[in-house]
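[1] I'd like to go over a predicted model; first the sequence, then the structure.
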Amino acid sequence: MSATKLTVKKKPSMRSPLAASPQSIELPNGMRERISKKAFELWQDRGYRDGHDFEDWLDAEAIVMEEIHEARE
């Protein structure tokens, strides 16, 4: 019997080129403060449970960006 070698193609990484960048991204004036306050509110709403700070920050970013988008309409 002969052994058959299967090759598997890997999907390209879906990471953003910015995610790999060692430089930080500048936020518009006041945006970091707004996101920080919203993330703190989300942490409070969660019952002050630790371990979700990154998730809270990303959720806060999305909320603040949506507020800005709605205000521009």
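    Ah, there it is. Numbers count the residues shown, from 1 in each chain.
[2] what about Glu67, helix or strand, and which?
    Per DSSP states H and E, Glu67 falls inside helix 53-72.
[3] quick one: contacts of that helix?
    Met31, Arg34, Ile35, Ser36, Lys38, Ala39, Glu41, Leu42, Trp43, Arg46 (CB atoms under 8 Å, 6 or more residues apart in numbering). Yep, even glycine has a C-beta here, placed from its N, CA and C like the rest.
[4] how does it look with 6 Å?
    Helix 53-72 has contacts (CB atoms under 6 Å, 6 or more residues apart in numbering) with Arg34, Ile35, Lys38, Ala39, Leu42, Trp43.
[5] now for the last one, how many residues are close by?
    Here the number of neighbours of Trp43 (other CB atoms under 10 Å) works out to 18.
[6] so what's it closest to, chain neighbours aside?
    Excluding its sequence neighbours, the residue lying closest to Trp43 (CB to CB, 6 or more residues apart in numbering) is Asp56, at 5.3 Å.
[7] try the fourth one
    Once flanking residues are discounted, Ala39 sits nearest to Ala60: 3.9 Å by CB to CB, 6+ apart.
[8] cool, Leu27 as well?
    Closest residue to Leu27 apart from its sequence neighbours, by CB to CB, 6+ apart: Ile35 at 7.7 Å.
[9] so who does the one you found touch?
    Ala60, Glu61, Val64.
[10] which among those gets closest to Gly51?
    Ranked by distance to Gly51 (CB to CB), these are led by Ala60 at 16.0 Å.
[11] model confidence score at the closest one, please.
    Model confidence at Ala60, given as pLDDT, is 97.
[12] just the buried ones from the contacts of Ile35, in ChimeraX syntax?
    A single ChimeraX command is used to select the members of those judged buried by 16 or more other CB atoms under 10 Å:
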select :60,61,64
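[13] give the helix, strand or coil label for Pro28.
    Here Pro28 is recorded as coil under DSSP: H, G, I helix; E, B strand; the rest coil.
[14] residues in contact with it?
    Applying CB under 6 Å, 6+ apart, no residues qualify as near Pro28.
[15] angles on the backbone of it, please.
    phi -60, psi 160 (degrees, to the nearest 10).
[16] that one and Glu61: what is the separation?
    Distance of Pro28 to Glu61, given as CB to CB, to the nearest Å: 13 Å.
[17] okay then, goodbye and thanks.
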